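Q: My questions concern the predicted model and sequence given below.
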Amino acid sequence: MKSWMLLVLIYVFAAGVCNAQIKETVQLATLSPAVLVIYSDQPEHYEKNHYLLSTIGYMGSYMILESKWKAALLTLALGATKELVYDGLLNKGEPLWSDMKWNALGVGQGVVFTVSISL
């Protein structure tokens, strides 16, 4: 009887540990695209910068605002402001829809990560 109860306790404890490890693995897997993107100084890889900075901006906004949707809207608004003001009005670059696409993908990456944390 003691060995049977010990076996049940080991199974319950191991199942809890395995579930925690699976959850952590899923969370890390959701961040893997952002980890693979490296900040680049080369002009031909500027979309990586939009993606990475949007992901980081979303994560920071989420930590401050504690709301997924407010953080997503703030990050997208900052990306749009950069395109309109910095690139458009100040003529420091060219405002492009593809830049906003990469900003949206970065925000999406952050949302997927924060949703995976709450599971």
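A: Sure thing, it's come through. Since this is a predicted model, take the numbers as computed values, not measurements.
Q: From the contact counts, what lies against whatever helix or strand His50 lives in?
A: Under the criterion of DSSP states H and E, His50 resides in helix 46-65. With contacts taken as 3 or more C-beta pairs under 8 Å, 6 or more residues apart in numbering; DSSP states H and E, helix 46-65 sits against helix 2-36, helix 68-81, helix 97-118. (Each C-beta comes from the backbone N, C-alpha and C, glycine too.)
Q: If I take it and helix 68-81, what angle do their directions form?
A: Angle of helix 46-65 versus helix 68-81, following axes from the mean of the first three to the mean of the last three C-alpha atoms, to 10 degrees, is 140 degrees.
Q: Buried ones in helix 46-65, by neighbour count?
A: 46-55, 57-59, 61-62 (16 or more other C-beta atoms under 10 Å).
Q: ok, now stretch 97-106?
A: By 16+ other C-beta under 10 Å, the buried positions in stretch 97-106 come out as 99-100, 102-106.
Q: list the buried ones in stretch 70-77?
A: Quick answer for stretch 70-77 (16+ other C-beta under 10 Å): 71-72, 74-76.
Q: Switch these over to a markdown table, and while doing so, append distance to Asn91 to every line.
A: Formatted as a markdown table, these follow (distance: C-beta to C-beta, whole Å):
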| residue | distance to Asn91 |
| --- | --- |
| Ala71 | 30 |
| Ala72 | 29 |
| Leu74 | 26 |
| Thr75 | 24 |
| Leu76 | 23 |
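Q: Return the member of those residues nearest to Ile117.
A: Checking the buried residues of stretch 70-77 against Ile117 by C-beta to C-beta gives Ala71 as the nearest, at 13.0 Å.
Q: what's the pLDDT at the closest one?
A: Ala71 carries a pLDDT value of 93.
Q: go on, the one 4 residues further on?
A: According to the prediction, Thr75 has pLDDT 95.
Q: what sits against the closest residue to Glu94 other than its chain neighbours?
A: Spatially, and ignoring its direct neighbours in sequence, Glu94 is nearest to Asp87 (5.9 Å; C-beta to C-beta, 6 or more residues apart in numbering). Asp87 makes contacts with 93-96, 99, as judged by C-beta atoms under 8 Å, 6 or more residues apart in numbering.
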